[in-house]
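Student: model the following, please.
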Amino acid sequence: GGGTSFDRVYAVAHDGGGGVIAAGYFTNTATFGDVVLRGAGDRDALLWKVGETGTTLWAVGGGGEGVDELYGVAVDGSSYRGVIVAGFFASRVGGGGTGLATFGGAGGLNNMVTNVATDGKEDALIWKV
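Tutor: Purely as a prediction, here's the structure:
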């Protein structure tokens, strides 16, 4: 998956069921299977799930006009219920059905850690800090 500009995966985690979840960033417009993500600025956070056959199951992105990236991903091993992601953002990240919690930028670079359901839907947000 990806687009014609710079896209990067920094971390991957096995979901316990044969799939892989990747965290990183994309720029401009990027396509992951049937999912098309449109960037809002410089770099936008990316969370992408691929099934055991290599098919994209879902992909979500979030960000604003600044640099917003995810650097770590883990699956909640107690129940495989959630995906924990960590990264940083320089603008408002998430919201609007992106699957990522909404974080408001306080200026400069801000750290984020959030836990979303393994289907990537925002309405299944488990927690954020």
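Student: for this structure, give me the ranges with low pLDDT.
Tutor: 77-81, 91-109, 117-129 (pLDDT under 70).
Student: please identify the helix or strand for residue 9.
Tutor: strand 8-14 (DSSP states H and E).
Student: for that strand, packing partners?
Tutor: On a contact count with 3 or more C-beta pairs under 8 Å, 6 or more residues apart in numbering; DSSP states H and E, strand 8-14 meets strand 20-26, strand 68-75. (Each C-beta comes from the backbone N, C-alpha and C, glycine too.)
Student: change it to 10 Å
Tutor: The contact analysis (3 or more C-beta pairs under 10 Å, 6 or more residues apart in numbering; DSSP states H and E) places strand 8-14 against strand 20-26, strand 44-50, strand 68-75, strand 82-89.
Student: please identify the most buried of those strands.
Tutor: strand 44-50 (a mean of 27; mean count of other C-beta atoms under 10 Å).
Student: and whatever helix or strand comes next after it, which strands flank it?
Tutor: Next helix or strand after strand 44-50 toward the C-terminus (DSSP H and E): strand 56-62. With DSSP bridges as the test, strand 56-62 is paired with strand 44-50 (antiparallel).
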